[in-house]
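Colleague: Quick one: sequence and predicted model below, then my questions.
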Amino acid sequence: MFDQREDVLQRTPLDALHRALGARMGAFAGWSMPIRYGAGILAEHQHTRTAASLFDICHMGEIRITGHNSVPALERLFPRRVITQAIGTCRYNFLLNEHGGILDDLLVYRLGEEEIFLVVNAGTAAGDLAWLREHLAGKASVEDVSQATGKLDLQGPATFSVLADLGIPEGKLPAYYRFAHLFLGGHPVLISRTGYTGERGVEIYVPVGCLADIWHLLISHEKVAPAGLGARDTLRLEVGYPLYGHELDTETSPVEAGFGQLLNIADRDFIGRSGLLAPRRKTLFGFALEGRRAARAGDTIWCSNSAEAIGRVTSGAYAPSLGTAVAMGYIAGDVDRYAGGVRLGRSFESALPATVADRPFYREGTVRN
Amino acid sequence: MAGLFQAGAGQYWVIELALEFYCRQRDNNMAGGTSGMKRFSEEHEWVEVKGGIATMGITTYAAEELGDITFVELPTVGTVVAQGESLCVIESVKAASDVFSPIGGTVKEVNMALEDDPGLINASAEKEGWICKLEDIDTGELDSLMTESEYEAFTEGDGEE
C-alpha cells in the first residue's frame, strides 16, 4: 500500500536530530520514523513508565474544520456526537464508511462553537481528507494543517514535574481529555491531556517553525529521554489500545472493536449507522500468553479443545512491563465471552497456549492521575 | 639457523622439536588456523572451535540489528544439524528470527543462562551470549566461512538503515 523505499518516504522536520541521536529509522505509513534510539525499545518503554519520554509524532495529520453550521454537518460523519461535545474537550471518535466499517480512529478537539480540530492517523490522513471534502462540500471549510503543525507526545509519570520546571505549573494544565492554549519556551502551543501509552502525559501541537526549539527544551530536561515507534507500540499494546490497520480497519465496526458503549446510535443518523445495527461478525479479545514468547499479528486463534481455527491475532508482542507476552485479536461469530482455552500461532501444533484476559493488561499506568 | 646444527649430536632433537613447532605454527597462520579462531557466516552467526568442540552464537552486528532480545528457543541437546540448517529461533520485540548453524554437528551443551536472561545476547553476543556447543564437527566446513576481517568488510557493505 505504501511505497516504503527510503528515497520516497516523508521525513519529519526533526529527522536530522533523530539521526544525530543515533536513532534506528524505519518506514511507517509512508514516513521515515525513529523506531528506537540507542537505548533500545525495552529501555525506552521502561523510561516511559517511570519517568518521561518524548516522541516525535509529526507524521500524524491535522485537519481544521470551520464554518457556519459546520458542526451539525460534520456530526453526520461520526458515530459519536460532536454538537454536544463541550468546547475545550477532546473526544475519541471514528470516521465510518457506508457499511459501518472504520475508515480511521481519531481525536476530535472542540476548539470553538464552529471550529473543530481533527487529529488523524498518518496512513489514513489523505483518505480522511478526501472523505471529509466530499461529504462537507458546500457545508464547511476543510483545511489540511498537517504541514504547518508539529506534534510531540510527552508521556510518563514525570510529565507534570517536567512541564512545571519548564514554566507550566500543574494547575495550568488541562484536565484529562481536555486541552488548553499555553506557552512553552515562549512559543504558543496547544496541549491536551491525551496520549497513547497509558501513562500520565500530554500531546503538544506546535507551529512547525518552533518545533526544534520545543524538542530541545524538552529533551534537555534530565528526566526526559527520546522514545521511538517501537516503544510506542509495546506501550499501547500493554494497555489494550487499538492500532488502525491492526484492530481497526474498513472490515471492522467500532462495535466489534469493543466501543459500542461510547457510540450515540439512537435517535440520530450518520454515515454507517445501518452497519452498526447489523449482527456482529466478530469480537475483539485480549489474550495473555504464558511466557516471553510472543504471538504476532496474522497468527491464527485456535480453540485448544477442538483444534478449530476460530479467529485471527491483530497485534502481539512481549510486554516489557509484565515480563510475559500479550496479544489482541478477533474471535469470529457473535461471541460475547470466550471461556475456553486458546492457542495462538501459524499452525495448531506450533501455537502457543493463551487465555482470554481483560484489558488493560498492565494496570499500574498513571494516565488518569 | 645454520650455526645451530653444528652443536653436538645429542642436542639435535631439541632443535628439531623447535623447528617442527615453528613450522606447524607458520602453517597454521598461513591457512588461517582453526585453533581458537572465530569464523563468521553470511547469516551473521559466529563459531569458535577448540578441542573438537564448536561454540556458536549470533554476532554483535546481528544482535544490534535485532534490538532487545526477549526470548531464545534453545536447541535440544542431542540434536544433529547440518551446516546452514535452522538451529533455533531468537525473538526480539519486533520479530522472530531463525538462527542457522554455521557448522554441522551434534548439540552437546546449551547456554541455560539465556533462558532467564535473553538480553545476555545483546550485552555480549560473541562471548557470554553464546547459544550452544556442537561436537562431531568437520573443521573443513570452516573454510566456507568468513574470517573476522572478511565479516567486518561484509557488514560494512550493508546500508545504515
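Modeller: All right, it came through fine.
Colleague: From now on I want contacts and neighbour counts done on CA atoms only, so please keep to that.
Modeller: Noted.
Colleague: what's the closest non-adjacent residue to residue B:103?
Modeller: In space, residue B:103 comes closest to residue B:83 once its chain neighbours are excluded; the distance is 4.3 Å by CA to CA, 6 or more residues apart in numbering or on different chains.
Colleague: show me what contacts the one you found?
Modeller: Residue B:83 sits next to B:100-105, B:141 when contact means CA atoms under 8 Å, 6 or more residues apart in numbering or on different chains.
Colleague: Strands - which of those residues land there?
Modeller: Using DSSP state E, B:100, B:105 are the members of these that sit in strands.
Colleague: Check the contacts of residue B:83 and tell me the two furthest apart.
Modeller: The distance between the two most remote of the contacts of residue B:83 (CA to CA) is 14.0 Å, for B:100 and B:141.
Colleague: Neighbour count: those two, which is higher?
Modeller: residue B:100 (22 against 12; other CA atoms under 10 Å in any protein chain shown).
Colleague: what helices or strands is the strand or helix carrying residue A:35 leaning on?
Modeller: According to DSSP states H and E, residue A:35 maps onto strand A:31-36. With contacts taken as 3 or more CA pairs under 8 Å, 6 or more residues apart in numbering or on different chains; DSSP states H and E, strand A:31-36 sits against strand A:10-11, strand A:24-28, helix A:229-238.
Colleague: do the first one and chain B meet?
Modeller: Pointing back at strand A:10-11 there. No - applying CA under 8 Å from any CA of the partner chain, one finds strand A:10-11 separated from chain B by no less than 14.2 Å.
Colleague: what does that strand rub up against?
Modeller: A:30-33.
Colleague: So what are the sheet partners of it and their directions?
Modeller: strand A:31-36 (parallel) (DSSP bridges).
Colleague: Can you report how many residues lie near the closest residue to chain B within the stretch 101-250 of chain A?
Modeller: Here the stretch 101-250 of chain A gets closest to chain B at one residue, residue A:230, 7.6 Å apart by CA to the nearest CA. With neighbours defined by other CA under 10 Å, the count for residue A:230 comes to 20.
Colleague: Helix or strand: which one has residue A:153?
Modeller: If you go by DSSP H and E, residue A:153 is part of strand A:149-155.
Colleague: ok, residues contacting that strand?
Modeller: Residues from elsewhere that reach strand A:149-155 (CA under 8 Å, 6+ apart): A:48, A:52-58, A:60, A:62, A:195, A:197, A:199-208, A:211, A:215.
Colleague: If the residue nearest in space to the middle of chain B is in a bridge, with which residues?
Modeller: Nearest to the mean C-alpha position of chain B, by CA atoms, centre = their mean, lies residue B:47 at 1.6 Å. On the basis of DSSP bridges, residue B:47 takes part in beta bridges with residue B:39, residue B:56.
Colleague: circling back to that earlier point, just the buried residues of the contacts of residue B:83.
Modeller: B:100-105 (16 or more other CA atoms under 10 Å in any protein chain shown).
Colleague: Hmm, residue B:61 and residue B:126 touching each other?
Modeller: No - between residue B:126 and residue B:61 there is no contact under CA atoms under 8 Å: 9.8 Å.
Colleague: So between the two, which is more surrounded?
Modeller: residue B:126 (23 against 16).
Colleague: tell me the contacts of that one?
Modeller: B:46, B:57-60.
Colleague: As CSV, those with neighbour count would be great.
Modeller: Below are those laid out as CSV (neighbours: other CA atoms under 10 Å in any protein chain shown):
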residue, neighbour count
B:46, 28
B:57, 27
B:58, 28
B:59, 25
B:60, 20
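Colleague: Out of the residues you listed, which comes closest to residue A:328?
Modeller: residue B:58 (31.0 Å).
Colleague: Just give the nearest non-adjacent residue to that closest one, would you?
Modeller: Ranked by CA to CA, 6+ apart and with sequence neighbours excluded, the top spatial neighbour of residue B:58 is residue B:45, at 4.2 Å.
Colleague: Wait, that neighbour touches residue B:102, no?
Modeller: Yes - at 6.3 Å, residue B:45 and residue B:102 qualify as touching, with contact defined as CA under 8 Å.
Colleague: what residues are shared contacts of those two?
Modeller: Applying CA under 8 Å, 6+ apart, one finds that residue B:45 and residue B:102 are jointly contacted by residue B:56.
Colleague: Now do the contacts for residue A:162.
Modeller: Residue A:162 makes contact with A:218, A:221, A:223-224, according to CA under 8 Å, 6+ apart.
Colleague: Any of the residues you listed buried? List them.
Modeller: Of these, these count as buried by 16+ other CA under 10 Å: A:218, A:223-224.
Colleague: Okay, and which of these map to helices?
Modeller: Among these, the members found in helices (DSSP state H) are residue A:218.
Colleague: The buried ones among the contacts of residue A:162 into TSV, with extra columns for pLDDT and distance to residue A:110?
Modeller: Putting these into TSV (pLDDT from 0 to 100; distance: CA to CA, whole Å) gives the following:
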residue	pLDDT	distance to residue A:110
A:218	98	27
A:223	98	32
A:224	98	30
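Colleague: Contact residues of the stretch 251-369 of chain A facing chain B?
Modeller: With CA under 8 Å from any CA as the criterion, the stretch 251-369 of chain A meets chain B at residues A:292-293, A:317-318.
Colleague: does residue A:107 sit in a helix or strand, and which one?
Modeller: strand A:102-112.
Colleague: likewise residue A:287?
Modeller: Using DSSP H and E, residue A:287 sits within strand A:282-289.
Colleague: Report the rounded mean pLDDT for the next helix or strand after that strand.
Modeller: Downstream of strand A:282-289, the next assigned helix or strand under DSSP H and E is strand A:300-303. The average pLDDT for strand A:300-303 rounds to 97.
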